[in-house]
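>>> sharing a model prediction with you, sequence too.
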Amino acid sequence: MKSNIPKKKVKKSWQTVKIEGNVINEDGEGLEGFVGLEVLENYNKNLVVLGKKKKRQQLAERRKDKTKKDVRKLREESNSGIHTDDEDGPPKKKKKKEKVQKNSKKEAKSYPGRFVLLKPPTESEDTEEEATASYSDGIRIEDLANWTGMGIPEPILRAISELGFRTPTEIQALSLPAAILGKKDILGAAETGSGKTLAFGIPILAGIMELKRRNVKSGIRKVKPSKEPRPEFERDNLTPPPEELGDYPEIEESDSEIAQKPEKEDKPLYALVLTPTRELAVQVRDHIASVAKYTGIKVAAIFGGLSAVKQQRVLNMCPEIVVATPGRLWELIESDNSHLKKMDDISFLVIDETDRMVEKGHFEELQMLLKRLNTDQNKVETRQNFIFSATLTLVHDLPDHLQRKNIGRKGKIVKQTPGMKIQSLIESLGISQPKVVDITRSSQTAETLTECRIICSIDHKDYYLYYFLQRHPGRTIVFCNSIGCVKRLAQLFTLLDCQPLPLHASMIQKQRLKNLERFRNNPNGFLVATDVAARGLDIPDVQHVIHYQVPRTSENYVHRSGRTARASKDGITIMIMEPGEVKNYLKLCKTLDRNEDLPLFPVSERHLNAVKERVNLARDVDRLELRLRRETSQIGWMKKSAEEMDIILDHEDITDDDVSDDDENVIKKKQEKRLLDTKRQQLKTVLNKPLFPKGFSYKYPTSDGKLALPFLPADSSNESAIKVVKKAIQERKEERKRRNKRKRPIEETS
Ligand SMILES: Nc1ncnc2c1ncn2[C@@H]1O[C@H](COP(=O)(O)OP(=O)(O)OP(=O)(O)O)[C@@H](O)[C@H]1O
């Protein structure tokens, strides 16, 4: 239905409305209960009807005031690097007035006056409606108040609201205003899982929107005015009508490398995000794309292991943001990809996991890329850079050989400080006076992370790992130091029916992504990985991280452990260490500022025997299978070569199909096969029995290798791993207190 009321007459109070025909139904029935009509502006089906416009205006006003204040503050703070073109400054009063008028005209044009049949609200109902006014289906306007004043454009806020993020995380709150309003380079260090991706993702999207609005192809710090009218959907702080938003392509969660609808158009390449691993590139793309949902900005991921031709095609769609691993990116640059030719003009550069990316001997392509990007000083100055990692400011002791060099030397080689590390990064990456946001704790790990260890002989590691997996089901990642170790564990734990999912660099990329997806989808998923999965991967609800071997560097420990306890959730990390690894462990404790040993994880000794029986049987099966496989493949290879060379093989080289039953080798092989069948059967039988019958007590291994009894209740069978450790720590504390109390009277009497 349409109102005939001229727009001028529309007021916010009740009005008489001239209507044609019946408003209820054609025969006039159903008018009982009809009380009145209200005239509405800006009515649309997705928004709550009453008071909406008022609410929106108030919110826009509040945001504008805060934004103005922030801009003023940032301008005062910043001493360089910020362009102060007139157009960049706060809009002049007259212009602003004109703009507001223009906008309201546009609004009036796009929202024809409508009316709706409503029961007149009572005072209290009206208030109630205001309070529950929905910004999106999930979050109320009030709930996004924490995101205001940072210069985040409305379409991004809308996506944030849909993601359910009510408050910016600390790193986001500290980085966003400086990045969006101040156009500062950001060097951000914050614990794992603290939301660093959006700390650079949101400013990039906001910056691209600004550049598009101003019709500028490159250089966020050199913003120029545009005579073009601002597109409706990009009006900051104003809710775009859902009819309009509906026309924008929504991001499809799919396997494709591009997260939005393909579109053939020659658009600038605004931003480049570099990540150290392929899986991280995919994840960062998806994360940014989820926030870009209503901006129309496209994000693509370019990484090795998948078809380069396919990725060329993706780039031909001109995504504004490219997330890439350095190797594949360089390969495509060298192949003269037309979209990547625009790389020299990018306005935003992100180097995620920077400390890893700039490590010597890694990512030579990154150095080449930086050299190219930093050739033109004008472009360097107008580009905004983001340097992020959880271990950006982590510094190490001098290595032994340098410490020895220092003996008797005058100009001593000094240990690098976090400040020195930052300075050298700034110099090597060619960034200008960044805002440094370092909110890492001295321990470097997340506050919600519980850390502990298990000490055992190298041979017993499998027992403890199997024990843990059986005793504490839940999404678990086991990290190893080598691909060989991952392969061995994957084999062994498959035999033990644990369904491990391996992930390492020599697997084919499709399988890597598939395994990660399977892990993500299984609440009891068990991923066995090398450090390729250590950095950045954000898999929800990983409960346990196990270091099967002490990591080689403190950084690896921090990042591996950071796959759990993310976004303020609890998590536990357990280091399984053998005596040969103690030296590395101590070094790690020193670098990470640990004054005390990590607590020991409680293990029930009683059940270790059953665990050993299973693991030993699985090991036997594994060994026998491997031997038979080797023999078979060796014979196959010899037969193939013999055929090719047209020669006849000796008896002992040929399979049992080709020789008589009394051949010694054949007899041996048959015996092995029988043994393998028996072992398989035995393993099957023990795996069918429950390992942990209800009700048992814990014991945990002490540093001298003996198993001590922590003071735990007899039946702790349903407790989580975190609870078990926390209890053990508490009990140890109390035991220490008791011991000290017992000692004191003796000391006092002596
Ligand atoms: N403001 C927010 N509120 C709630 N959750 C958020 C917010 N911002 C990001 N997240 C979520 O927090 C999780 C961790 O974010 P992200 O992966 O960006 O962390 P990170 O700091 O980059 O971690 P890492 O150092 O391991 O790479 C993600 O699941 C993300 O969706």
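Received, thanks.

>>> briefly note if stretch 525-533 comes near the ligand.
No - judged by Cβ under 6 Å from any ligand atom, stretch 525-533 makes no contact with the ligand; its nearest approach is 11.0 Å. C-betas here are computed from N, CA, C, even on glycine.

>>> surely residue 450 is in a strand?
Yes - assessed with DSSP: H, G, I helix; E, B strand; the rest coil, residue 450 lies in a strand.

>>> just checking, it touches residue 724?
No - Residue 450 is not in contact with residue 724 according to Cβ atoms under 8 Å; the separation is 9.9 Å.

>>> please list the residues of the stretch 151-300 of the chain that sit near the ligand.
So the stretch 151-300 of the chain meets the ligand at 165, 167-169, 172, 190, 192-198 (Cβ under 6 Å from any ligand atom).

>>> list buried residues within the residues you listed.
165, 168-169, 172, 190, 192-198 (16 or more other Cβ atoms under 10 Å).

>>> among these, which are in helices?
If you go by DSSP state H, those have 172, 196-198 in helices.

>>> among those residues, which pair sits farthest apart?
Using Cβ to Cβ, those span at most 9.6 Å, a distance reached by 172 and 197.

>>> pLDDT value on residue 194, please?
Predicted confidence (pLDDT) for residue 194: 95.

>>> for residue 471, which non-adjacent residue is closest in space?
Once flanking residues are discounted, residue 471 sits nearest to residue 692: 6.3 Å by Cβ to Cβ, 6 or more residues apart in numbering.

>>> what does residue 506 give?
residue 483 (5.6 Å).

>>> surely that neighbour touches residue 503?
No - Residue 483 sits out of contact with residue 503 when judged by Cβ under 8 Å, with a separation of 10.1 Å.

>>> nearest to the ligand: which residue in the stretch 1-150 of the chain?
residue 147 (8.4 Å; Cβ to the nearest ligand atom).

>>> separation between that residue and residue 182?
Residue 147 is 17 Å from residue 182, where distance means Cβ to Cβ, to the nearest Å.

>>> now the helix of greatest length in the chain: mean pLDDT?
Longest helix in the chain, counting residues (DSSP H): helix 605-645. Mean per-residue pLDDT for helix 605-645: 84.

>>> could you do stretch 421-433 as well?
83.

>>> for that stretch, which positions count as buried?
421-422, 425-426, 429-431.

>>> same check, this time on stretch 503-521
Buried, per 16+ other Cβ under 10 Å, within stretch 503-521: 503-504, 507, 512-513, 515-516, 519-520.

>>> quick one: buried residues of stretch 613-626?
614-615, 617-622, 624-625.

>>> overlap in contacts, residue 483 and residue 503.
residue 530 (Cβ atoms under 8 Å, 6 or more residues apart in numbering).

>>> ramachandran coordinates for the residue in the stretch 651-750 of the chain positioned nearest to the ligand?
Closest to the ligand within the stretch 651-750 of the chain is residue 722: 19.3 Å, counting by Cβ to the nearest ligand atom. Residue 722 adopts backbone torsions of phi -60, psi -40, taken as degrees, to the nearest 10.

>>> which SSE is the nearest residue to residue 189 once chain neighbours are set aside in?
In space, residue 189 comes closest to residue 392 once its chain neighbours are excluded; the distance is 3.8 Å by Cβ to Cβ, 6+ apart. Using DSSP states H and E, residue 392 maps to neither a helix nor a strand.

>>> much appreciated, bye for now.
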